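Colleague: I need the structure of the sequence given here:
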Amino acid sequence: MTRVLGTILAGGRSTRFGSDKALATLDGRALIDRVMDALGPQVDALVVVGRSHPGVPCIPDRPAPDLGPLGGIAAALHHARAHGFEQVLTVPCDAPFLPTTLRQQLSDAGPAAYYADLPVVGWWPSGASPVLDMLLAEGGSRSVRAFTDRIGATAVAASGEIANINTPDDLALLAKRDIAER
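Modeller: Sure, this is the predicted structure:
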């Protein structure tokens, strides 16, 4: 059976948010904790990349901080290879409502797949780490889509809306919607 490393990407600066959005709360719970709860049951192990967080192993971005999501994905791929995981499932720390079928949706699309509208949500073979290392070393585009193009990843439509919080207004709107749905 395929071993899957779940990875929460949390090394961003939160400049649009204005404070540490991983620790911003929605209904009294930190966004990163909500993501951990949603991702945990779908993977064999969890790590947080780019910051420390209690109760979960944390690893630094690779090869250095401030490379955007690709630095986090690179760290996850290397960590996965070193620890015997064949696949990596990545999600951002600011997407608190992940579907319970996330792993299945992406793995069904092939060995490399991502959400078309939020490419940082991805299913990556750990063996793709050399390709990502080369992309980062070239110093060109550091977009996740540049990586997906290099490895021939499949874009998948998310089943339902994936909330991605970038600003305090995004969080406020999500909180209002969450209250209205109860």
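
Colleague: so what does the residue minimising distance to the centre of the chain have for phi and psi?
Modeller: Using Cα atoms, centre = their mean, the residue of the chain that lies closest to the mean C-alpha position is V91, 2.0 Å off. Per-residue torsions, V91: phi -140, psi 150 (degrees, to the nearest 10).

Colleague: got the contact list for it?
Modeller: Residues counted as contacts of V91 (Cβ atoms under 8 Å, 6 or more residues apart in numbering) are 6-9, 35, 39, 98, 102, 120-121. Placement of C-beta: from N, CA and C, glycine included.

Colleague: in this structure D133 contacts A74, no?
Modeller: Yes - taking Cβ atoms under 8 Å as the definition, D133 is a contact partner of A74 at 6.5 Å.

Colleague: intersection of neighbour lists for the two?
Modeller: With Cβ under 8 Å, 6+ apart as the test, D133 and A74 both reach P63.

Colleague: of those two, who's got more company?
Modeller: Using other Cβ atoms under 10 Å, the more surrounded residue of D133 and A74 is A74, with 23 against 15.

Colleague: quick one: contacts for the more buried one?
Modeller: By Cβ under 8 Å, 6+ apart, the residues touching A74 are 61-63, 67, 129, 132-133, 136.

Colleague: can you tell me the SS state at it?
Modeller: helix (DSSP: H, G, I helix; E, B strand; the rest coil).

Colleague: now it: how far from A38?
Modeller: Computed with Cβ to Cβ, to the nearest Å, the distance linking A74 and A38 is 23 Å.
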